[in-house]
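Dropping a prediction and its sequence here:
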Amino acid sequence: MATKQNQALSDVCTYLKNVVIKHTPDDFIVNEQFRFGLSDAEILAGINAFRTFLYQLYDKIAAENSQIGIDEIAAILYFTGIQGEFETQEKHELAVRGSDLLIKTKKNSVPHQTMKKMSAKRVAEIFMFLSGLGLSFADIDYTKPIKLSETGVFRLSNKNDSDMIVGLKLLAKAQEHLDGDRDRLQNGFMRCDFQSLALSTNKMLRM
């Protein structure tokens, strides 16, 4: 029998799945500053893959009655999206399909108060949790505490769906350009708010 705590977490995850913005239009137009040289089809595939990942994430949190806070997971994902750079296969050639993100960390590069409060052990627990969804943080040992400000460089990939990495990067970068506090921007990111990719100014579009 489910406990009240389990049911409450399940209800939260159901709510979050319901507020994810769905059905990206095929003719959706993306602002040039967020394209990174990608085609419309590649951008659409990235958005759709990131949306699918969010559904899987919320299902996993509910199913496992995770003690890791959703805000903590969101902060880590948002951070890697902002800090990450697409790796290139050859000079001046963007790696899209099967691409990784190259994450470069340095002191004072952690932008969110939630992350600043996390212990190194907690960060390792979150990385391990996300690895259960296909995310791979190359060159990082999940069994040891992880101090992001001292990690240096690592690579993020998704063995289940490489398109998801494209969506992660584009949506995080677009949210970063919006006006507003960090929590609101992060919430938009975790709703797969693809509208932000169309902005030519720092104003949020309305549905």
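Great, that's in hand.

Can you report how many residues lie near F79?
For F79, the count of nearby residues is 21 (other C-beta atoms under 10 Å). (C-beta placed from N, C-alpha, C; glycine too.)

S136 now?
16.

Assess the claim that it and L156 are in contact.
Yes - S136 is in contact with L156 according to C-beta atoms under 8 Å; the separation is 7.2 Å.

So I126 belongs to a helix, correct?
Yes - I126 sits within a helix when classified using DSSP: H, G, I helix; E, B strand; the rest coil.

The protein: strands as residue ranges?
Along the chain, counting by DSSP state E, strands occupy 84-86, 88-90, 93-94, 101-104, 135-138, 153-158.

Let's have those strands in CSV, adding mean pLDDT.
CSV is the format used below for the strands of the chain (pLDDT from 0 to 100):
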stretch, mean pLDDT
strand 84-86, 83
strand 88-90, 50
strand 93-94, 46
strand 101-104, 83
strand 135-138, 90
strand 153-158, 88
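
can you redo the ones you listed as CSV with distance to G69?
Listed next are the strands of the chain as CSV, based on distance: least, C-beta to C-beta, whole Å:
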stretch, distance to G69
strand 84-86, 22
strand 88-90, 35
strand 93-94, 34
strand 101-104, 21
strand 135-138, 17
strand 153-158, 20
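
For R51, find the nearest of those strands.
Closest approach to R51 among these is made by strand 153-158 (13.6 Å; C-beta to C-beta).

List the buried residues in the closest one.
F154, L156, S157, N158 (16 or more other C-beta atoms under 10 Å).

Reformat these as a markdown table; add distance to Y78.
Conversion of these to a markdown table gives the following (distance: C-beta to C-beta, whole Å):
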| residue | distance to Y78 |
| --- | --- |
| F154 | 16 |
| L156 | 13 |
| S157 | 18 |
| N158 | 16 |
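
Which helix in the chain has the most residues?
The longest helix of the chain (DSSP state H) is helix 40-63.

right, and the strands of the chain - which one's nearest H23?
Comparing the strands of the chain by C-beta to C-beta, strand 153-158 comes nearest, at 22.3 Å.

Render the CA-only coordinates of that closest one in PDB, please.
Extracted in PDB, the C-alpha atoms of strand 153-158 (Å, rounded to 0.1, in the frame of the first residue of the first chain):
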ATOM      1  CA  VAL A 153      36.100  19.200 -17.900                       C
ATOM      2  CA  PHE A 154      33.800  16.300 -18.500                       C
ATOM      3  CA  ARG A 155      31.500  15.100 -21.200                       C
ATOM      4  CA  LEU A 156      27.700  14.500 -21.100                       C
ATOM      5  CA  SER A 157      26.000  12.100 -23.500                       C
ATOM      6  CA  ASN A 158      22.800  10.100 -23.600                       C
END
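
what about it, distance to the chain center?
Distance of strand 153-158 from the chain centroid (C-alpha atoms, centre = their mean, to the nearest Å) equals 12 Å.
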